[in-house]
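A.B. asks: A predicted structure for the sequence below; I have some questions about it.
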Amino acid sequence: MTRFFLAGIIQGSIPGHTIHPQDYRKHIKEILRTHVPGAEVYCPVEKHPSSLEYDEPHGREVYLGHVERAASSDVVVAFLPEASMGTAVEMWEAHKRGAIVLAVTPMRENWTIKFLSTCMFDGLDEFERFVTSGDLARLIRKRSETRR
């Protein structure tokens with residue numbers, strides 16, 4: 001079983017209680033569940049759809065729990081059409097622990113994304129081709145072999 005953490009922009013730089021569209025999460029989950037046997041996909045928005053309404057102690061607990069979950073995952077898929085501070089922290093912690101970090105983003109020159117990502121993709125179509133070609137499975141096997 002491969003543990004995936006689905007990171008990506010939620011609030012970004014939007015002030016207040018508004019979030020970016022989250023449609024990308026369903027698409028990524030479908031790609032992974034269809035093409036990666038035994039994929040366990042954790043999606044923070046699916047588990048906490050009303051997180052913007054949480055009080056501060058509960059919000060802090062959920063946020064730090066998500067950072068830890070990303071760090072302990074085998075693969076983090078980060079969807080970044082624009083900058084996201086929360087996703088950057090999740091990528092950093094996952095990278096430090098040796099997880100595979102896959103970024104779907106047009107921001108290839110952003111140092112956080114560039115230096116923490118194992119692979120970068122311009123869009124979901126390119127990401128899907130990577131998964132369906134078997135390249136993701138090969139990357140996971142390679143990582144598994146080197147961690148023994």
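C.D. replies: In hand now; what should we look at? Numbers count the residues shown, from 1 in each chain.
A.B. asks: longest single strand anywhere in the chain?
C.D. replies: Identified as the longest strand of the chain according to DSSP state E is strand 2-8.
A.B. asks: Setting aside sequence neighbours, what's the nearest residue to residue 78?
C.D. replies: residue 7 (4.3 Å; CB to CB, 6 or more residues apart in numbering). Bear in mind the C-beta positions are built from the backbone N, C-alpha and C, glycine included.
A.B. asks: measure that neighbour to residue 25 for me?
C.D. replies: 10 Å (CB to CB, to the nearest Å).
A.B. asks: Give me the more crowded residue out of those two.
C.D. replies: residue 7 (31 against 20; other CB atoms under 10 Å).
A.B. asks: didn't that one look like it was pressed against residue 70?
C.D. replies: Yes: taking CB atoms under 8 Å as the definition, residue 7 is a contact partner of residue 70 at 6.0 Å.
A.B. asks: Show me what secondary structure element comes after the helix or strand bottoming out on mean pLDDT in the chain.
C.D. replies: Across the helices and strands of the chain, mean pLDDT, DSSP states H and E gives its lowest value to helix 44-47, namely a mean of 88. Remark: after helix 44-47, the chain's next helix or strand is helix 56-71, criterion DSSP states H and E.
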